[in-house]
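In: Sharing a model that was predicted from the sequence below.
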Amino acid sequence: MRAVLKMGLWWLLAVAMPLMAQPAVEFSTDSGQSPLLFVERGVASNAASEVRVVIDVSGSMRHNDPDQLAASALDLLVALLPNGIHGGIWTFGEFVDNPLPVAPVDAEWREQALALRPALVDYQQFTDIEAAVREASGDADNGPRHLILLTDGMIDLPAAGQDKAARDEASQRRLSDELTPQLAEEGVVIHAVAFSPEADLPLVELLGQRSGGLASLAESPDELLRAFLDIFDRIFPSDRVPLDDGRFTIDDQVDSFSALLFHDPDSPALTLIAPDGQRYTRDEYPDGVRWQSEPRFDLVTVPDPAEGEWRVEGPISLDSRISVESTLTLRTEELPATLYLGFELPIDAWLDLDGDILPSPAWPDDLRLRAELQDLAGNVQAATRLAADGQHFRGILPAPALAGNARLVIDADSVRFQRQRVQAVNVLPAIAAEVDEAVSRVSLRAEHPQLNVDNTQIRAELQGEMLDVEALDERQWQIDLPELPDDTRLPLLLSATVTLDDQRLELSLPRLVLNPQARIGVDALQSDSAGLQAEALEEVPVEEAEPLPEPDLAERLISAINQLPRQAQTLWRDAIPRLERAGEPLGLDGESTLRWTVGLAALLLALLVLAGWSRARRRPLHREDPHV
């Protein structure tokens with residue numbers, strides 16, 4: 001027994017040792033040059049793209065933007081846009097103005113852009129978002145272009161002798177249902193950032209979803225910075241190397257790297273430590289290195305970096321990243337900006353060397369590719385390993401289960417090099433549901449582009465009774481509610497059956513609570529899900545849905561790991577490549593190695609429990625008289 005325990009403990013230590021080793025914001029620079037040099041490499045592949053920023057100057061901005069986020073956004077734009085691309089700035093309220101027409105971004109353009117700060121407080125009474133998007137998007141002959149819309153409110157037009165509410169609604173419908181899809185066909189992508197929860201958030205989401213862009217809510221300088229970086233990562237994608245616990249590894253294919261390190265304004269100064277121990281600070285660094293220090297971030301660009309492990313000394317946030325310029329890059333098929341609850345995502349990735357696909361004979365033997373969907377805190381929501389398929393790596397990412405902003409991370413890992421692609425995504429329900437103010441009707445709308453009344457059947461249950469669901473048009477449904485007591489909260493249970501590509505998918509929609517402010521609540525058996533979840537997938541025709549197959553050991557392990565704290569998750573993800581490589585000399589593939597790992601760990605745990613139980617049985621019982 002002792003020999004087995006000793007072997008098991010040595011085995012665990014061998015696996016664990018490598019893990020244990022492990023005020024208003026001004027974003028502009030005095031030089032007027034782009035500090036975020038990591039996006040420069042993406043310019044070549046996006047030279048035809050234009051970036052047009054559309055800023056809300058309606059009167060409500062005075063109340064909803066007291067911290068002058070619009071001004072910070074302008075400063076950040078000047079800092080982020082790479083030299084050589086074309087950019088322009090529009091402002092809008094009741095009227096639309098173009099104070100800085102589209103032109104190549106250079107020092108003069110940046111100076112003109114920063115001079116527009118006073119115009120951002122020249123408030124107007126109304127808010128005509130439709131006119132702003134229409135005018136800023138330009139003509140169809142302009143080629144691919146990205147619109148960054150910054151707003152705090154809803155469409156708010158003057159009555160002009162008409163029914164004002166009807167006029168506002170008609171403008172919103174034209175913008176979301178007609179103009180945005182038309183612009184998407186012309187190559188216009190709209191990224192929308194809302195400065196306030198009072199903004200029309202459903203409209204903001206629709207503009208991003210229907211044009212292939214991003215949508216986010218930014219109520220602080222930190223959130224604004226994150227939203228802008230997510231947008232620019234999508235416009236100018238670049239490779240990264242993983243940053244783990246302040247450590248990252250640079251390989252011999254890296255020409256330069258840029259470390260964008262976020263921190264609190266009152267944090268101590270950061271230090272960058274090279275593999276040879278040389279220490280870089282914002283006040284002292286070698287020739288050729290550029291160091292920009294701001295209240296909330298430092299940006300360090302190092303040309304011709306030394307190979308090996310670099311370290312960051314000092315507190316940095318999870319949003320920090322190390323972007324690399326390299327002849328060896330990770331590429332993927334275009335990743336969507338919007339994912340849908342209950343729907344899987346196919347992923348296709350490959351490695352590129354000097355512009356050509358790296359052939360499989362040149363791959364390192366231990367090369368592994370993996371895809372993850374992470375929330376903004378870095379927690380893994382879904383993950384899959386990408387399998388080699390010819391010169392590519394392909395896999396299916398499981399359907400997301402939580403709606404909101406997230407990040408799609410593609411990792412290529414080996415001993416020789418590491419590469420990472422990170423893209424922000426919005427996760428939306430496939431079918432949106434909304435209750436009217438009178439609590440008399442529920443409106444449902446298909447968000448997923450492939451869903452319609454012909455392939456989707458919706459069911460509604462209220463207090464054990466099924467309600468009629470009426471199709472209004474190709475992608476909308478309506479449910480008329482019975483008269484309800486005002487003092488009672490009632491759950492409305494919604495589900496849907498979707499038939500796509502000869503397969504049937506059962507979706508459980510988010511539960512709606514009718515009269516949520518009522519004093520008395522009536523519960524239901526269905527749990528309050530945060531979004532759509534796939535329940536069954538089977539061939540058509542079918543009588544009833546087949547039950548889901550019992551998850552295998554690896555799937556159960558991943559599910560358990562996802563419940564662990566973030567630090568434990570990080571250790572496990574770092575251990576996987578090492579475990580897979582450890583099994584190769586024994587002729588085991590990655591999956592078999594993981595199964596043996598789990599099995600040995602379970603056996604060791606069982607032996608430890610058995611040993612403790614045996615010792616407890618042999619221990620003599622002592623009875624002690626009570627003391628008075």
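Out: Cool, the structure landed. Numbering: from 1, shown residues only.
In: For burial, what's the neighbour tally of E50?
Out: By other CB atoms under 10 Å, the residues close to E50 number 20. Glycine gets a C-beta too; all of them are placed from N, C-alpha and C.
In: Pull up the pairing partners for the host helix or strand of V498, direction included.
Out: Counting by DSSP states H and E, the element that carries V498 is strand 488-500. Here strand 488-500 is paired, per DSSP bridges, with strand 456-462 (antiparallel), strand 503-508 (antiparallel), strand 512-514 (antiparallel), strand 520-521 (parallel).
In: what pLDDT, on average, does the second one get?
Out: Model confidence over strand 503-508 averages 87 on the pLDDT scale.
In: For stretch 194-210, which residues meet the burial criterion?
Out: Burial within stretch 194-210, assessed by neighbour count using 16 or more other CB atoms under 10 Å, is assigned to 194-196, 199-201, 203-210.
In: coming back round to it: which stretch among the strands paired with strand 488-500 comes nearest G161?
Out: Evaluated with CB to CB, the strands paired with strand 488-500 place strand 512-514 nearest to G161, the distance being 38.2 Å.
In: can you give me how far that closest one is from the chain middle?
Out: 28 Å (CA atoms, centre = their mean, to the nearest Å).
In: Touching that strand from outside, list them.
Out: 433, 435, 439, 442, 462, 481, 484, 489-492, 494 (CB atoms under 8 Å, 6 or more residues apart in numbering).
In: what's the closest of those residues to A399?
Out: Using CB to CB, those come closest to A399 at L494, 17.6 Å.
In: for that closest one, what are its contacts?
Out: 433, 444, 458-461, 508-512.
In: which of those count as buried?
Out: 433, 444, 458, 460, 508-512.
In: can you tell me which of those lies nearest to D287?
Out: Distances from D287 to these, taken by CB to CB, are shortest for P510, at 57.2 Å.
In: Tell me the backbone dihedrals of the closest one, please.
Out: phi -60, psi 140 (degrees, to the nearest 10).
In: Is G208 in contact with A424, as I believe?
Out: No: here G208 lies out of contact with A424, judged by CB atoms under 8 Å, at a distance of 10.6 Å.
In: Please enumerate the shared neighbours of the two.
Out: Common neighbours of G208 and A424 (CB under 8 Å, 6+ apart) are 214, 337.
In: Any stretches of the chain with poor pLDDT?
Out: 1-48, 140-141, 518-602, 604-628 (pLDDT under 70).
In: returning to that earlier point: in JSON lines: the strands paired with strand 488-500, plus distance to G143.
Out: Output for the strands paired with strand 488-500, formatted as JSON lines (distance: least, CB to CB, whole Å):
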{"stretch": "strand 456-462", "distance to G143": "36"}
{"stretch": "strand 503-508", "distance to G143": "38"}
{"stretch": "strand 512-514", "distance to G143": "43"}
{"stretch": "strand 520-521", "distance to G143": "55"}
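In: looking at these, which is closest to L330?
Out: Of these, nearest to L330 by CB to CB is strand 503-508, at 31.0 Å.
In: mind listing what's buried in that closest one?
Out: 504-508.
In: Can you name the residues bridging to L299?
Out: L260, Q292.
In: For P265, see how far away it is.
Out: 16 Å (CB to CB, to the nearest Å).
In: hey, where'd the helices end up in the stretch 151-300 of the chain?
Out: Secondary structure of the stretch 151-300 of the chain (DSSP state H, counting those that start in this stretch): helices located at 164-173, 180-185, 201-211, 221-235.
In: Dump those to CSV, plus distance to L603.
Out: Formatted as CSV, the helices of the stretch 151-300 of the chain follow (distance: least, CB to CB, whole Å):
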stretch, distance to L603
helix 164-173, 62
helix 180-185, 56
helix 201-211, 49
helix 221-235, 44
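In: G355: which of these is closest?
Out: Per CB to CB, nearest to G355 of the helices of the stretch 151-300 of the chain: helix 221-235, 20.8 Å.
In: what's the offset of the closest one from the middle of its chain?
Out: On CA atoms, centre = their mean, the centre of helix 221-235 falls 11 Å from that of its chain.
In: can you check stretch 500-512 too?
Out: 23 Å.
In: can you check stretch 157-167 too?
Out: For stretch 157-167, the distance to the chain centre is 38 Å (CA atoms, centre = their mean).
In: For D319, list the residues it contacts.
Out: 226, 229, 262.
In: which among the residues you listed gets closest to L318?
Out: F262 (8.2 Å).
In: Could you pull up phi and psi at the closest residue to the closest one other than its chain neighbours?
Out: Closest residue to F262 apart from its sequence neighbours, by CB to CB, 6 or more residues apart in numbering: S317 at 4.2 Å. Main-chain dihedrals, S317, degrees, to the nearest 10: phi -90, psi 170.
In: okay, now S317: neighbour count?
Out: Other residues close to S317 by other CB under 10 Å number 14.
In: Can you tell me which of the contacts of strand 512-514 comes closest to A136?
Out: A433 (32.3 Å).
In: returning to what we had before: thought the residue nearest to F262 was touching P265?
Out: No: counting by CB under 8 Å, S317 does not reach P265; the two are 12.0 Å apart.
In: Give the bridge partners for the nearest residue to L462 once chain neighbours are set aside, please.
Out: Among residues not flanking L462 along the chain, L492 sits closest, at 5.4 Å (CB to CB, 6+ apart). Assessed by DSSP bridges, L492 has beta-bridge partners L462, L512.
In: which residues touch L492?
Out: Neighbours of L492 in contact, by CB under 8 Å, 6+ apart: 435, 442, 460-462, 479, 481, 511-514.
In: same thing but at 7 Å, please
Out: 442, 460, 462, 511-512, 514 (CB atoms under 7 Å, 6 or more residues apart in numbering).
In: what about it, distance to A430?
Out: For L492, the distance to A430 - CB to CB - is 18 Å.
In: same question, P400
Out: 11 Å.
In: Also S238?
Out: 31 Å.
In: quick one: which of these two has more around it?
Out: Using other CB under 10 Å, the more surrounded residue of S238 and A430 is A430, with 24 against 21.
In: What ranges does the protein have for its helices?
Out: Ranges of helices within the chain are 2-20, 61-64, 69-80, 107-114, 129-137, 164-173, 180-185, 201-211, 221-235, 553-562, 566-583, 590-618, based on DSSP state H.
In: ok so, going back, identify the contacts common to P400 and A430.
Out: L341.
In: if we can go back for a sec, can I get the strand holding V498 as CSV, trimmed to CA atoms?
Out: Provided in CSV are the C-alpha atoms of strand 488-500 (Å, rounded to 0.1, in the frame of the first residue of the first chain):
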residue,chain,number,x,y,z
THR,A,488,-49.4,38.5,-8.6
ARG,A,489,-46.1,37.6,-10.3
LEU,A,490,-46.5,34.8,-12.8
PRO,A,491,-43.9,33.0,-14.9
LEU,A,492,-44.5,32.5,-18.6
LEU,A,493,-42.7,29.4,-19.8
LEU,A,494,-41.5,29.6,-23.5
SER,A,495,-39.9,26.9,-25.6
ALA,A,496,-39.3,26.4,-29.3
THR,A,497,-38.6,23.6,-31.8
VAL,A,498,-36.4,24.5,-34.7
THR,A,499,-35.8,22.5,-37.8
LEU,A,500,-32.7,23.3,-39.8
